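Peer 1: pasting a predicted model and its sequence here:
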Amino acid sequence: MTAPQTRQEKPFSFSYSRIKNFETCPRRYQQIDVLKNFREDESEALTWGNELHAALEARIAKGRELPITMRRYEKHAADLDAQQDAIPGLTIRTELKLSFDRQFQATGYYDNATWFRAKVDVLALAGSKAVAIDWKTGRVLDDHAQLALAAQCVFSNYPEVMQVSSIYMWLGDDARTEDIYTRDGMVKVWNNIWPRITALEEAHAAQVFPPKPSGLCRNYCPVSSCEFHGKGSR
Ligand code: SF4
């Protein structure tokens, strides 16, 4: 009997970064995110982003001072402190792992039934309203799907919430993107996201992950087994 060539797949589930990675290159996504045959090196930008997320969490959740190199972001934490003082009953949580199943019911993050997973950097809850913040350390992008999915995570996990302000806080550019979602309005939102999820799920069902050559192939992709690896213009 021949040993299987690929790792046994778990039940289909996704995150927004998985959708993005699949759309960038299905083969790269399969090899890195699904089979874990290759690993991307952590870039300086990613290391900085992870350190900044950890420092902001420590500041907001435990009151720890930000390191001197990150002091310019103090205003974001101070703003949350001020809101907590001003709004009775406001609770602020950090680094939440939220998930839901195909029926949009809350699940444990690693449950087999989990269909979608997301990390919410800051969640402020006050009665029927919530604010979900995602710290962003990259360049500003016009991408609203992740905001919608974060809002769905809140609706699924907090039944009392009827409205979510979902925010990307672009730390490097001192800018923000904010969308407001209502529980009743989520059907329309899902109609827009659905084709992207369907494409990902169909690829998993068929186990078809074709290469999609791009500027990544020459220097920025670790998938050395791909026929396009190392090729393309400098
Ligand atoms: S080398 Fe290019 S085509 Fe091949 S997996 Fe990497 S990004 Fe995709």
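Peer 2: Yep, it's here. Numbering: from 1, shown residues only.

Peer 1: from here on, just use CA atoms for contacts and neighbour counts.
Peer 2: Will do.

Peer 1: how about the residues of this structure near the ligand?
Peer 2: 25, 27-28, 211-214, 216-217, 221, 223, 226, 228-229 (Cα under 6 Å from any ligand atom).

Peer 1: filter those residues down to just the ones in helices.
Peer 2: Those of these mapping onto helices are 27, 28, 216, 217, per DSSP state H.

Peer 1: how much space separates the second one from residue 110?
Peer 2: It refers to residue 28. Residue 28 is 24 Å from residue 110, where distance means Cα to Cα, to the nearest Å.

Peer 1: can you show me the helices along the chain?
Peer 2: For the chain, the helices defined by DSSP H cover 16-24, 26-29, 44-62, 74-86, 145-157, 186-206, 216-219.

Peer 1: now find how far off-centre the second one is within its chain.
Peer 2: In terms of Cα atoms, centre = their mean, to the nearest Å, the gap separating the centre of helix 26-29 from the centre of its chain is 18 Å.

Peer 1: what is the rounded mean pLDDT of it?
Peer 2: For helix 26-29, mean pLDDT is 98.

Peer 1: the fifth one too?
Peer 2: Taken as a whole, helix 145-157 has a mean pLDDT of 97.

Peer 1: can you check stretch 179-187 too?
Peer 2: 96.

Peer 1: for that stretch, how far is the first residue from the last?
Peer 2: OK, stretch 179-187 end separation, Cα to Cα: 15 Å.

Peer 1: quick check: phi and psi at residue 141.
Peer 2: Backbone torsions for residue 141, taken as degrees, to the nearest 10, come to phi -120, psi 150.

Peer 1: need the pLDDT of it.
Peer 2: Among the per-residue scores, residue 141 shows a pLDDT of 88.

Peer 1: against residue 126, how distant is it?
Peer 2: 29 Å.

Peer 1: try residue 69
Peer 2: 32 Å.

Peer 1: can the helices of the chain go into JSON lines with extra columns for mean neighbour count?
Peer 2: Below are those laid out as JSON lines (neighbours: other Cα atoms under 10 Å):
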{"stretch": "helix 16-24", "mean neighbour count": "16"}
{"stretch": "helix 26-29", "mean neighbour count": "23"}
{"stretch": "helix 44-62", "mean neighbour count": "15"}
{"stretch": "helix 74-86", "mean neighbour count": "13"}
{"stretch": "helix 145-157", "mean neighbour count": "23"}
{"stretch": "helix 186-206", "mean neighbour count": "13"}
{"stretch": "helix 216-219", "mean neighbour count": "18"}
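
Peer 1: which one's more surrounded, residue 69 and residue 126?
Peer 2: For residue 69 versus residue 126, neighbours defined as other Cα atoms under 10 Å are more numerous around residue 126 (16 against 8).

Peer 1: contacting residues for the closest residue to that one other than its chain neighbours?
Peer 2: The shortest distance from residue 126 to any non-neighbouring residue, by Cα to Cα, 6 or more residues apart in numbering, is to residue 90 (4.7 Å). Residue 90 sits next to 83, 84, 124, 125, 126, 127 when contact means Cα atoms under 8 Å, 6 or more residues apart in numbering.
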